[in-house]
Each structure stands twice: as C-alpha cells, then as structure tokens.
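Visitor: Below are the sequence and a predicted model for it; my questions follow.
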Amino acid sequence: MTAPTTGRTRVDVALQGIRHLDAPVARRAGAGPSDDGHVLLDGAGAAVPLNPRSPYTVSGGRLLLDGADTGMGVEAVARPRFYDLRTADGVPYEQIARLHSASVLATTVVQTCARYDEAERCRFCAIEESLRQGSTTAVKTPAQLAEVAVAAHALDGVQQMVMTTGTSRGADRGATHLARCVRAVHEVLPDLPVQVQCEPPADLASISALKDAGASSIGIHVESLDDDVRRRWMPGKGTVPLTEYRAAWVEAVRVFGWNEVSTYLIVGLGEDPDELVAGARELVALGVYPFVVPFRPIAGTLATDVDGVTAPPRELVYDVTRRVAALLREAGMTSAGQSAGCAACGACSALQACGEES
C-alpha cells in the first residue's frame with residue numbers, strides 16, 4: 001500500500017474501530033485509551049475503538065473493510081502475565097497499572113480530579129469512571145508502582161512507562177506525588193524510561209523535581225490552543241491561561257530537552273484546522289511534540305452522554321494529521337526520538353502512519 005492510503009486507513013480505523021475485535025488488552029473508561037482494544041497494525045501499535053457497527057473486521061490476521069482486504073495485517077496484543085499477580089494486600093496488579101499497546105506500562109497515580117464536578121470537568125474525560133467501576137484504585141503508592149513495574153518488565157518486557165495524574169488543588173497540580181512515584185520506580189528500574197503527565201504546575205520548580213526524580217520526558221497537555229474551545233470543552237482547565245502553558249513548555253524543554261516534551265492536540269473540538277496546524281508549528285519551534293489525536297466518543301464522558309458529540313470527519317482528521325506529520329518530519333522531530341510517553345508509543349494517533357518519519 002502507498003503511504004497516503006495507509007495513513008487514511010489508519011485514521012479511519014482510529015475513528016470507526018473494528019467490529020467483533022478479539023482484544024485481550026482493552027479498557028473501558030478512565031484517563032488513558034478508553035473503550036479501545038490494543039492491536040498491532042502492520043506491526044505498529046494501535047488503540048482502536050471496539051465498535052460493533054464498524055465496517056472493519058479481522059479475518060486470518062488481515063484487516064478487512066466490508067469484507068475486502070485492506071492490505072494491513074492485524075495482531076492482537078496478548079494479555080500480559082503480570083495481570084495475574086496481586087500485591088501482598090491483595091490488590092490485582094492490573095488495578096495499579098495497565099499495559100498500553102504492546103510494551104508500555106501506564107498508570108494514573110491519582111484517579112480523582114479536583115476539576116471533575118460538571119461545572120469544571122473536561123467534557124472528553126472519564127478519569128473517575130474506572131474508579132467508580134472498581135477497576136482501579138484511587139491512589140497508587142510509590143511502593144505498589146515499583147512492585148508492578150518490576151514484574152511487568154521481567155514478565156512482559158515493558159520498554160517504557162507513563163504516569164499521569166488527576167489534578168490536585170495544590171500549586172503543584174499533582175506533580176509532587178508523581179515525583180515520589182517516579183523515584184520509587186527509578187530506584188528499582190533505573191534504565192526504564194518514564195514519562196510524567198500533569199497540568200502546568202504553578203511553581204515551575206516542580207518540573208525540575210520531576211526530572212530529578214528520574215523522569216525521562218514530560219507531557220503537559222493543553223488539548224486545544226483556541227481559548228473559546230478551551231472554555232467550552234474544558235471549563236476548569238481552561239481557566240489556566242495559555243501563557244502558563246507556554247511558560248511550562250519552555251521550562252520543560254530547558255529541563256528535559258528538545259523533543260522530550262509533548263502535548264495533546266485533539267482534532268474535532270471545533271478549532272479551526274488551519275489555526276490548529278499553525279499552533280502545532282509554534283509548538284515544534286519550541287521543541288514540543290504536538291501529539292495530534294482525533295476526538296472519539298467515550299462512554300462516561302459529558303461529551304458523549306450529555307452532549308451527544310460524534311467523531312469528526314475522517315478527511316478533517318487525516319488532513320490535520322498529515323500536515324502536522326509534515327511539520328515534524330521537516331524539523332526532524334520523531335516519536336522514535338523520544339524516551340517515553342504517548343507520542344513515543346504512538347498508538348492513539350496516526351502521525352506515524354501519515355509520514356512523520358518518512
């Protein structure tokens with residue numbers, strides 16, 4: 001297949017998912033890839049919606065569109081062995097951390113968010129739903145995370161770890177507990193790259209503290225660079241001025257280095273696509289990787305359950321993703337050049353398939 005065809009297909013699968021997908025590694029609700037099954041598409045990790053109405057199916061390890069072979073191979077990510085273990089006090093390891101894609105260990109160290117009441121909650125977020133379902137715990141301790149990381153590394157060969165957190169009311173916005181957790185993992189697995197994710201801390205010294213604890217990279221996720229979109233979709237988080245995000249990105253690049261800082265940009269929230277791409281260009285110039293992902297309806301979010309927002313058109317997502325991939329390619333800013341994190345994994349985006357590295 002040609003690269004453009006692969007990119008379009010990858011975008012379409014990201015939006016429409018796969019019907020009757022047998023995915024041993026899957027997740028419902030939460031702060032990370034949700035309502036998704038994890039597979040390898042032509043060897044590359046992909047988190048795809050589990051959609052019973054999708055025109056895509058899998059047969060004989062091939063991706064079919066309305067029964068026709070797309071030319072892409074599909075392999076489900078196997079259930080990791082560390083899921084079978086429990087902590088000494090009986091907590092299943094998979095409630096502490098999950099496998100994302102084929103080799104990423106991911107956890108939300110604090111599964112509650114100070115902005116989760118309806119007046120402030122990000123309308124695409126379901127961070128507390130997995131907690132309500134009993135599939136995770138509210139707070140993961142540093143010791144628990146170190147224990148699970150050692151097992152996941154030894155039994156399943158995880159190659160990186162991602163730690164995110166719900167926002168706290170403190171000035172650190174959750175960075176202090178993140179640093180404790182990173183330090184505990186770094187002490188037992190000093191060579192395992194770890195990305196941390198949090199809102200811009202009011203005290204930028206927290207960024208250095210995360211690096212000093214052993215973090216390899218950082219995600220400071222803005223989701224949109226349009227203030228009207230931010231107020232509509234993120235009424236609480238949108239009160240943090242973009243000037244604070246830019247200051248945090250600049251400091252993070254200084255501390256972690258070029259292409260070790262990333263931010264999510266969500267396509268389909270209503271932001272003008274040309275302005276979104278222009279914003280991505282500015283981020284690249286700062287040394288920040290703009291991780292472009294499509295908006296996807298997720299059960300348990302206000303956008304889906306209250307607003308009824310649907311996924312954006314494929315051509316819009318493909319156009320924006322392709323143009324941002326070109327910016328990254330021109331700058332030599334690749335996902336493979338990052339130590340750890342969502343962009344390094346790439347499973348939730350089509351940037352790699354749209355030519356980021358070609």
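Guide: That came through fine.

Visitor: Only C-alpha atoms from now on, for both contacts and neighbour counts.
Guide: Noted.

Visitor: The stretch 51-200 of the chain: helices as residue ranges?
Guide: Here the stretch 51-200 of the chain has its helices, by DSSP state H, counting those that start in this stretch, at 129-132, 142-156, 175-188.

Visitor: Of all those helices, which one comes closest to L242?
Guide: Nearest to L242 among those is helix 175-188 (18.9 Å), distances taken as Cα to Cα.

Visitor: Remind me what that closest one packs against, helices and strands.
Guide: helix 142-156, helix 205-213 (3 or more Cα pairs under 8 Å, 6 or more residues apart in numbering; DSSP states H and E).

Visitor: In a markdown table: those, plus mean pLDDT and mean neighbour count.
Guide: Formatted as a markdown table, the helices and strands packed on helix 175-188 follow (pLDDT from 0 to 100; neighbours: other Cα atoms under 10 Å):
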| stretch | mean pLDDT | mean neighbour count |
| --- | --- | --- |
| helix 142-156 | 98 | 19 |
| helix 205-213 | 98 | 19 |
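
Visitor: Low-confidence stretches in the chain?
Guide: The chain contains residues with pLDDT under 70 at 1-5, 28-35, 357-358.

Visitor: quick one, what contacts L225?
Guide: Listed by Cα atoms under 8 Å, 6 or more residues apart in numbering, the contact set of L225 reads L242, L265, L276, G279.

Visitor: hmm, back to that, save the helices and strands packed on helix 175-188 as CSV, and put in distance to D117 too.
Guide: Output for those, formatted as CSV (distance: least, Cα to Cα, whole Å):
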stretch, distance to D117
helix 142-156, 27
helix 205-213, 26
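
Visitor: Kindly state which of the ones you listed is positioned closest to Q197.
Guide: helix 205-213 (10.1 Å).

Visitor: Among the contacts of L225, which one has the most neighbours?
Guide: With neighbours defined as other Cα atoms under 10 Å, the most crowded of the contacts of L225 is L265; it has 23 neighbours.

Visitor: Quick check: which element contains it?
Guide: Assigned by DSSP states H and E, L265 falls within strand 261-267.

Visitor: Past that strand, which element shows up next along the chain?
Guide: Heading C-terminal from strand 261-267 (DSSP H and E), you reach helix 273-286.

Visitor: how many degrees apart are that following helix and strand 261-267 in direction?
Guide: Helix 273-286 and strand 261-267 meet at an angle of 180 degrees, taking axes from the mean of the first three to the mean of the last three Cα atoms, to 10 degrees as the criterion.

Visitor: now for helix 273-286, which elements pack on it?
Guide: So helix 273-286, by 3+ Cα pairs under 8 Å, 6+ apart, packs with helix 242-256, strand 288-294, helix 314-331.

Visitor: Point out the most buried one among those.
Guide: strand 288-294 (a mean of 27; mean count of other Cα atoms under 10 Å).

Visitor: Quick one: name whatever helix or strand follows it.
Guide: Next along the chain after strand 288-294, taking DSSP H and E as the criterion, comes helix 302-305.

Visitor: Now that next one: buried residues?
Guide: By neighbour count with 16 or more other Cα atoms under 10 Å, helix 302-305 contains the buried residues L302, A303, T304.

Visitor: Please apply the same query to stretch 334-348.
Guide: Residues of stretch 334-348 classed as buried by neighbour count (16+ other Cα under 10 Å): 334-335, 338-348.

Visitor: which ones among these are found in helices?
Guide: Secondary structure assignment by DSSP state H places C342, A343, A344, C345 of the buried residues of stretch 334-348 in helices.

Visitor: close enough to count as contact, the last one and L105?
Guide: No. Counting by Cα atoms under 8 Å, L105 is not a contact partner of C345; they are 10.5 Å apart.

Visitor: contacting residues for the closest residue to V250 other than its chain neighbours?
Guide: Closest residue in space to V250, ignoring its immediate chain neighbours: L286 at 6.8 Å, by Cα to Cα, 6 or more residues apart in numbering. Remark: with contacts taken as Cα under 8 Å, 6+ apart, L286 is in contact with W249, V250, V253.

Visitor: Tell me how far the second one lies from T263.
Guide: In this view, V250 and T263 are 12 Å apart by Cα to Cα, to the nearest Å.

Visitor: what's the answer for the first one, then?
Guide: According to Cα to Cα, W249 stands 9 Å off from T263.

Visitor: where do the contact lists of these two overlap?
Guide: Common neighbours of W249 and T263 (Cα under 8 Å, 6+ apart) are I220, V288.

Visitor: Return the residues in contact with V77.
Guide: Contact partners of V77, counting by Cα under 8 Å, 6+ apart, are A23, P24, V25, H38, V39, L40, S101, A102.

Visitor: Going by distance to P297, which of the residues you listed wins?
Guide: Checking these one by one against P297 (Cα to Cα), the nearest turns out to be H38, at 17.1 Å.

Visitor: What is the burial count for the nearest residue to the closest one once chain neighbours are set aside?
Guide: For H38, ignoring the flanking residues on the chain, the nearest one in space by Cα to Cα, 6+ apart is A47 at 4.6 Å. Per other Cα under 10 Å, the neighbour tally for A47 reads 26.
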